[in-house]
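J.: Below: sequence and its predicted model.
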Amino acid sequence: MHNTFTYRHSELPSVRPETKAEIVALDVHIADLVLKSQGNYRELEELAEILSNGLDTCELNLNSIRIIPDDSPQPAPVSMKDLPFEQKQLIYSCSNTNSILLNLLSEIVGSSPEELASDIAIQASIHQKPIEKKEIEKFIEDVMIPLAEKAKSNHQSKCHYVFKELK
């Protein structure tokens with residue numbers, strides 16, 4: 001798992017009182033379960049497995065947090081400028097194609113591109129459920145990576161748009 005959260009040492013959030021209370025209650029409950037299960041191998045085995053799974057999950061989450069010293073330089077934010085050329089080319093091709101389609105649709109329906117874009121954005125936000133991470137990852141894997149590979153292989157061609165060659 002990669003670092004999802006980065007904190008300077010002095011900026012580490014403190015333990016919230018309600019979370020601390022839940023941790024203490026969990027500790028008491030675990031101690032009670034261990035006492036109740038004393039001598040019962042199967043109950044203790046199941047409890048140990050559940051606690052082990054919980055510990056593994058907690059450690060995975062701990063590993064997603066990066067703590068940097070207070071005096072270390074702030075890392076530069078990652079931007080689209082940092083993307084490989086093929087990915088920039090895909091973004092350009094998608095954006096340019098959308099712009100062309102929006103302008104054509106604008107001429108057909110007699111509304112300005114700005115009005116259409118606003119209407120489309122409103123309709124998309126009303127009808128579309130939040131996109132899950134796995135859906136984005138699947139789209140990248142199934143669509144964007146093959147397009148990037150196609151763009152890379154066509155880099156020498158005279159075609160300016162990746163999508164001209166994809167049919």
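T.: That came through, no problem.

J.: switch to C-alpha atoms for all contacts and neighbour counts from now on
T.: OK.

J.: these two touch, right, Val34 and Glu46?
T.: No: contact criterion Cα atoms under 8 Å: Val34 and Glu46 do not qualify, at 10.9 Å.

J.: More neighbours: those two, which one.
T.: Val34 (16 against 11; other Cα atoms under 10 Å).

J.: ok, for the more buried one, nearest residue in space, not its chain neighbours?
T.: Leaving aside its chain neighbours, Val34 sits nearest to Leu44 (7.0 Å; criterion: Cα to Cα, 6 or more residues apart in numbering).

J.: Neighbours of the one you found, how many?
T.: For Leu44, using other Cα under 10 Å, the count is 17.

J.: What of Ala117?
T.: With other Cα under 10 Å as criterion, Ala117 counts 16.

J.: Next, the contact list for it, please.
T.: Taking Cα atoms under 8 Å, 6 or more residues apart in numbering, we find Ala117 in contact with Leu102.

J.: Please enumerate the helices of this protein.
T.: For the chain, the helices defined by DSSP state H occupy 17-37, 41-63, 85-109, 113-127, 133-139, 145-153.

J.: closest one to Ser10 among those?
T.: helix 41-63 (17.1 Å; Cα to Cα).

J.: Ser52 versus the residue nearest to Val34, what's the distance?
T.: The spacing between Leu44 and Ser52, counted by Cα to Cα, to the nearest Å, is 12 Å.

J.: ok, the residue nearest the centre of the chain - contacts?
T.: The structure's the chain has its C-alpha centroid closest to Lys133; by Cα atoms, centre = their mean the separation is 5.2 Å. Contacts for Lys133 (Cα under 8 Å, 6+ apart) come out as none.

J.: and Leu116, how many neighbours?
T.: Neighbours of Leu116 (other Cα under 10 Å): 17.

J.: any idea how far it lies from Pro69?
T.: 49 Å.

J.: Kindly report the same for Ser95.
T.: Counting by Cα to Cα - Ser95 and Pro69 are separated by 40 Å.
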